[in-house]
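J.: what follows is a predicted protein model with its sequence.
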Amino acid sequence: MAKTIHLIRHAQSTFNAAWEEAGTDPFLYDARLSPLGLAQVEKVRAAARALPCDAVFTTPLTRALQTATGLFAGHAPIHVEPLHREWQEHSCDVGRSPRLLAREFPDLVFDHLNDPWWHHPDADDKGSVIQEPLDAFHGRVAAFRQWLKARPEAAIVVVGHGAFFSHLIGRIPANCEIIAWQP
């Protein structure tokens, strides 16, 4: 049986807004949604809830959690999965402790996550974010593709990130864009 999979890139984050304005990393770790991002979630909610959906899988990055809960809370089961987290290139791609996330998102389960769950061994002595190695990232993309194929659900929604989706499907979706995808 063929799966129905929809990919949704998170809504605009404070990092996205600052990057668009200045073109440099504003050092907003685990960036939240911007006011525009919150409005994008509101605008897309009805279309998202009309999708066939047995389960929603979101990354533990706050901007994805806010998007997933804003679109699907009370409508579909939301699961947190770090495998499709963003390629760590910038400050916004560094996550927060599962304990902190659980306080902010009490209706979601985080106890299966490592702490830290993001790419963490590469930080220099100045606190700079060092990019996740490309081969490790490509391995995660391939593993996620296989993970999705093995899922028992017939209709899945994945809330994720631009660079990850770019390597998964070959293009970067717009913020809060919904894309039907066949792996």
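T.: Cool, the structure landed. Residues are numbered from 1 along each chain as shown.
J.: wasn't Gln88 part of a helix?
T.: No: according to DSSP: H, G, I helix; E, B strand; the rest coil, Gln88 belongs to no helix; its state is coil.
J.: can you pull the contacts of it?
T.: Gln88 makes contacts with Val94, Trp118, His119, Val129, Gln131, Glu132, Phe137, as judged by CB atoms under 8 Å, 6 or more residues apart in numbering. Where C-beta positions appear, they are placed from N, C-alpha and C, glycine not excepted.
J.: dump those residues into JSON lines; add distance to Pro82 as well.
T.: Compiled in JSON lines, these are given as follows (distance: CB to CB, whole Å):
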{"residue": "Val94", "distance to Pro82": "13"}
{"residue": "Trp118", "distance to Pro82": "7"}
{"residue": "His119", "distance to Pro82": "10"}
{"residue": "Val129", "distance to Pro82": "17"}
{"residue": "Gln131", "distance to Pro82": "17"}
{"residue": "Glu132", "distance to Pro82": "12"}
{"residue": "Phe137", "distance to Pro82": "13"}
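J.: where in this structure is pLDDT low?
T.: 1, 121-129 (pLDDT under 70).
J.: need phi/psi at the residue positioned nearest the centre of it.
T.: With distances taken as CA atoms, centre = their mean, Gly160 lies nearest the centre of the chain, 2.8 Å away. Dihedral pair for Gly160: phi -150, psi -140, per degrees, to the nearest 10.
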